[in-house]
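Novice: dropping a prediction and its sequence here:
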Amino acid sequence: MIYLYIIGVDMAQPRVFCLVLLTVALGAQALTPSHHLSLSDVERLKGLLSQPFTDLASAYYSIVGLSKLGAAVADENDACQFLKAQLDPMSVDSLFFAAEASQAIADCEMPVSNETRDILLAAVSEDSTVTQIFRAVSALSSLGLPLASQEVVAALVARIAKEDNVLAITTALQTATRLSQQAELGGILEEIEDLAARLDDLGGVYLQFEEGLEATALFVTAAYTLSDHADTEPPLKEDQVIQLVNSVFSKKSWDSRSEAFSVACAAAALSSNRFHVPVIVSTQGPATVSHSQPILHLLVTDILSNPLASANLLVESAQAVASKSVVLSQAPFSLRDGIFELNFMASQPASGYYQFTVAVTGDSRLVANQVELKVKVSTEVAVTNMDLSVVDKDQSIGTKTSRVDYPFKAKGSFTADSHQNFAMNFQLVDANTGVELTPHQTFVRFHNQKTGQEVVFVAEPDSKNLYKFELDTAERKSEFDSMSGTYVLHLIVGDATLENPILWNVADVVLKFLDEEAPAAIQSKTLYMPKPDIQHLFREPEKKPPTVVSNTFTALVLSPFLLLLILWFKLGANISNFSLSPSSVLFHVGHACMLGLMYVYWTHLNMFQTLKYLAIIGSLTFLAGNRMLAQKAVKRLASK
Amino acid sequence: MHGGRVLVCDWLNSEAKGRFTAKADVGLFPKMAPRTSDIQTSRGSTTLLSNKRTVSMAQTKSRLLGNNCIFFLTISSMMHMALADGKTLVLLDNLNIRDTHSIFFRSLADRGFDLTFKTADDPSLSLIKYGQFLYDHLIIFSPSVEDFGGNINVETITSFIDGGGNVLVAAGSDIGDPLRELGSECGIEFDEEKTAVIDHHHYDVSDPGEHTLIVADPENLLKAPTIVGNPSDKPILFKGVGMVADPDNPLVLDILTGSSTSYSYFPDRPISQYPHAVGKNTLLIAGLQARNNARVVFSGSLYFFSDAFFNSAVQKATPGSQRYAQTGNMELAEALSQWVFKEAGVLRVGAVTHHPVGESTPPAAYTITDLVEYSVVIEKLSKGSWVPFDGKDIQLEFVRIDPFVRTYLKKNGDKYSVQFKLPDVYGVFQFKVDYNRLGYTHLYSSTQVSVRPLQHTQYDRFIPSAFPYYASVFSMMGGLFVFSIVFLHMKEKEKSD
């Protein structure tokens, strides 16, 4: 069986998630509600319901929902005017919303005509849906009009047979609450039990309809209102009630006004009915007592976080969780300003957890009145006899121990190389009683501020509860990645029962490892980083001989041509026979072009282009040359 | 546990294998290149969950880049398209969690997710039907499940991840074996059942007594706004089991770590062995983006997502600490869900163009030392639509087996572009953009081009050292011309003179 324990609710600072409770399996224990509406939840619920009306239905949900929570709309006159303005006297739904809402507002009468009454009465028949019957009956009863209860019962029974679903039956139950107590409600009352059998059990903690929260909440409301009305105890077991409470109040963020309305109705029904009132026992603030805070404060409330004034609170037993010894039994709490108080430190408990079994009495309606609480007795810790030393492994050099006091840091730093051990001895004592303590967390942390690396060791106590921590530098080098350097040494002491967790910067320790390896590049760090730029390195051009040489040879190569010109000049070369005939001009121009084409071929053209041009220029030159030579020959013959 | 790790490695490497086969294909293409104008492949598309989507994406990316170009374009951004209408299966311990975590589910539903709620042991559960995945995303909010119902088990979930599905897992101190196994498949080792992360120095004032309701500093969040949202100073409430990352798995992201004073152990037992996780190694929330861009987030705490934690005030119990009216849980949970379900941090490649500077179309083959301009459009998914991505560290590689050039791309309007000189080495190269950054999907685009040596006409015509040769040729040509004129037209003097 699952047992739930309750976490403290700080009433001064209402907190929502205090209600998220830890489920702890502790054997056969009674189920206690793990969810209820804290004061801040109630405020948020009211806030949601106080939003401006959009239509008649929203006005109904808001006005009635708020009245269930014991609040009222901001401006009742406005609300009443809104209802009257929106009322459609020919519609059953409209009449229902307006009539029900006006009931919750003081001095707000809805006009009733005979027609209205006829429409409503006509709706009560086997041909209407259950919802129509419910709305008509509610409107009739709210408007103070007479109705025949027995006929309604007959119509309902007939309809339920047709509409066999949870919502319809729940609506039928709600309708029955509006009927005269003299009517035969027995058949309908039995439906409560049938519906309860249809609830889904979720892990033994929640009990709900698969139709959702609204259906479950409305069922709770209807079941208790009808039971009150018929004065018979509802056929729900205590566990079922608690499971229903859990499922209705576990949702803290309501989707719609109608959902909020249904939760408000369920809360009202569960906090004020004649049979079952679930009790919420919670601590004010954390469930902790200590020497400075010796008094345990408990709040006993209903679902809506209203204090139960008539209740009495009694500790049946208080048992240490660790040793199972009973520290306290049958001790009553005293009531002061609505808060139950008990000076638990008066029984001088050791620090640790205590299992309280608390009984709430004073009212026979109370459900879940046996509550298990886990109370913590906390204390303060002090670190004493802190000795730091560096010990040579072969013990050839005597150890030098230095004592450090909390919270100061040791002067100077300690250096340990691979032949040495770094040792640390200390004791942890209860600052209030002087008893030695072994807290849950006693860690020694080495932190390399340069690399951010952090290595944590667990310090363990010996049989005398003396903590001895020894660091073998050579053996532990893998944990430090063989990174030599200055490490900041911290002592971390913590426990759930300690009020003053310690994080003490004890000293600086220089660790020297023998074979220091380069830290392996961690892939994950480089995986998402840009890679280094790569510039392509172009090949160096080959080294060339100096241009002077080539220029000299160029000049040498050109010199024969110059020599030719000079010699020709001396010999008296001439072109006196040149005649400006078209053929000779064309031949020489063509010849020059062909030579020029060779240059262009070298710089720009490919062979095919060159051959094409050459064919044109060449044929022209050939023809011109032929003609020129012919002319020359004719001239020569003529001159002979 | 070690067996599990080996399995992980296999799974992570399978993508790499797919990639190599794609490269082998590339090698064949230059020979038949004249007929190939434009080919695109998506790397590893066979391993994708939805081939349909990938294909359609590849088509949208397709641009006609040239007619007779010898290039081969591979674009793979491996995006399992993140459309917000994703079908999501939510597995719960019991249906009440839908009510206690309604704000989170409502925000998902408001963003267009189609949520299907089932209890984790529902016998009708099924993730894969006839080889098709029935859902795009999976939320496992059932820490204590011992056996999933239907045909879901750890293997189907890992194959779901292999197929590109995204998974959000929330655990708790009541963690069952299947979730621990799933964690170790993904490189995350959960601590044992009934352990909790404990921090005696950073617990909330409303802690129930065991110092397990932890206030995590926002400084311990991963510095990646795409994953954790915009930085805020609101602390985060956490209550649940701790994790450590497998050091051999480089893909695990430490999204939220504990403080130096935190550790993970049984709260109700004295410490008799070294705790599973200590200090900053304690992971509270961890994530993983697999090589196929599937995303997985593990939270050690189911309460982290609850309405109660979303709406709660938070204050460290240490005297004098600041009180915040609201936790940062809601913002973080929303950012995480946006990331894990691919609403954020999703990139894709658009049009890729490249051409020599001064021209507008790519040549059949580039010549060595050409000045080339490359540009690529990169887009980011933002609120369901693709907008230009704004990144400053996108790099282009010019690769022939090894990269020859690696340079940053500059944003130029909607495109990223760069001009660079091709190396003086010929062969088949690829323009490659391989952008892998924290929080973003892996963006990969490669475009193949060939680079040839200089043609014979492209060498220097006049080398100073060879001037004597040119001079001799030109002087011979000049000599021929002058000689021919003189020879033909010289008037000889009368011999008699």
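Specialist: Structure's in. What do you need?
Novice: what distance do you get for B:Arg437 to chain A?
Specialist: Between B:Arg437 and chain A the distance is 5 Å, computed by CB to the nearest CB, to the nearest Å. (Glycine included, C-beta is placed from N, CA and C.)
Novice: tell me how many other residues surround the nearest residue to that residue once chain neighbours are set aside.
Specialist: Using CB to CB, 6 or more residues apart in numbering or on different chains and skipping residues adjacent in sequence, the residue nearest B:Arg437 is A:Tyr528, 5.2 Å away. Residues within reach of A:Tyr528, counting by other CB atoms under 10 Å in any protein chain shown, total 16.
Novice: likewise A:Lys409?
Specialist: The tally of other residues near A:Lys409 (other CB under 10 Å) stands at 13.
Novice: before we move on, what about A:Trp568?
Specialist: With other CB under 10 Å as criterion, A:Trp568 counts 15.
Novice: in three-state terms, how would the nearest residue in space to it that is not next to it in sequence be classified?
Specialist: Distances taken as CB to CB, 6+ apart place B:Val486 nearest to A:Trp568, at 6.8 Å, with adjacent residues excluded. The assignment at B:Val486 comes out as helix when based on DSSP: H, G, I helix; E, B strand; the rest coil.
Novice: ok, A:Leu45 next?
Specialist: helix.
Novice: which ones are touching the residue nearest to B:Arg437?
Specialist: Counting by CB atoms under 8 Å, 6 or more residues apart in numbering or on different chains, A:Tyr528 makes contact with B:436-438.
Novice: going by neighbour count, which of those residues comes out on top?
Specialist: With neighbours taken as other CB under 10 Å, the top of those is B:Arg437, carrying 19 neighbours.
Novice: in this structure that one contacts B:Asp393, no?
Specialist: Yes: using CB atoms under 8 Å, B:Arg437 is in contact with B:Asp393, at 7.4 Å.
Novice: pLDDT wise, what is the residue nearest to B:Arg437 at?
Specialist: Listed pLDDT for A:Tyr528 reads 84.
Novice: do the same with A:Gln13
Specialist: So A:Gln13 comes in at 41 (pLDDT).
Novice: where does B:Asp147 land on pLDDT?
Specialist: Looking at B:Asp147, its pLDDT reads 89.
Novice: surely it is in a helix?
Specialist: No: counting by three-state DSSP, B:Asp147 falls outside a helix, being coil.
Novice: what about it, how many neighbours?
Specialist: 11.
Novice: excluding chain neighbours, what is closest to the residue in chain A that chain B sits nearest to?
Specialist: Nearest to chain B, among the residues of chain A, is A:Gly494, at 2.6 Å (CB to the nearest CB). Distances taken as CB to CB, 6+ apart put B:His200 closest to A:Gly494, at 2.6 Å, once the chain neighbours are dropped.
Novice: SS state for that neighbour?
Specialist: Per three-state DSSP, B:His200 ends up coil.
Novice: number of nearby residues for B:Pro270?
Specialist: Counted with other CB under 10 Å, B:Pro270 comes out at 13.
Novice: just confirm it is within a helix.
Specialist: No: B:Pro270 is assigned coil when assessed by three-state DSSP, not a helix.
Novice: in this structure it contacts A:Thr438, no?
Specialist: Yes: between B:Pro270 and A:Thr438 there is a contact under CB under 8 Å: 6.9 Å.
Novice: before we move on, the earlier item: list the contacts of the residue nearest to A:Trp568.
Specialist: Going by CB under 8 Å, 6+ apart, B:Val486 touches A:568, A:573-575.
Novice: which of those fall in helices?
Specialist: Counting by DSSP state H, the contacts of B:Val486 place A:Trp568 in helices.
Novice: ok, now which ones touch residue 118?
Specialist: Here I'm looking at chain A. So A:Asp118 contacts nothing (CB under 8 Å, 6+ apart).
Novice: hmm, I had chain B in mind actually
Specialist: B:89-92, B:124-125.
Novice: try it again at 10 Å.
Specialist: Residues in contact with B:Lys118, defined by CB atoms under 10 Å, 6 or more residues apart in numbering or on different chains, are B:89-92, B:95, B:124-126, B:142, B:148-150, B:152.
Novice: who does the strand or helix carrying it pair up with?
Specialist: In the assignment (DSSP states H and E), B:Lys118 maps to strand B:114-119. Partner strands and pairing direction for strand B:114-119 (DSSP bridges) are strand B:87-92 (parallel).
Novice: hey, C-alpha coordinates of the strand it pairs with in CSV?
Specialist: Written as CSV, here are the backbone C-alpha positions of strand B:87-92 (Å, rounded to 0.1, in the frame of the first residue of the first chain):
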residue,chain,number,x,y,z
LYS,B,87,1.8,13.7,-34.4
THR,B,88,3.0,13.0,-30.8
LEU,B,89,2.5,10.0,-28.6
VAL,B,90,2.5,10.8,-24.9
LEU,B,91,3.1,7.9,-22.6
LEU,B,92,2.0,8.5,-19.0
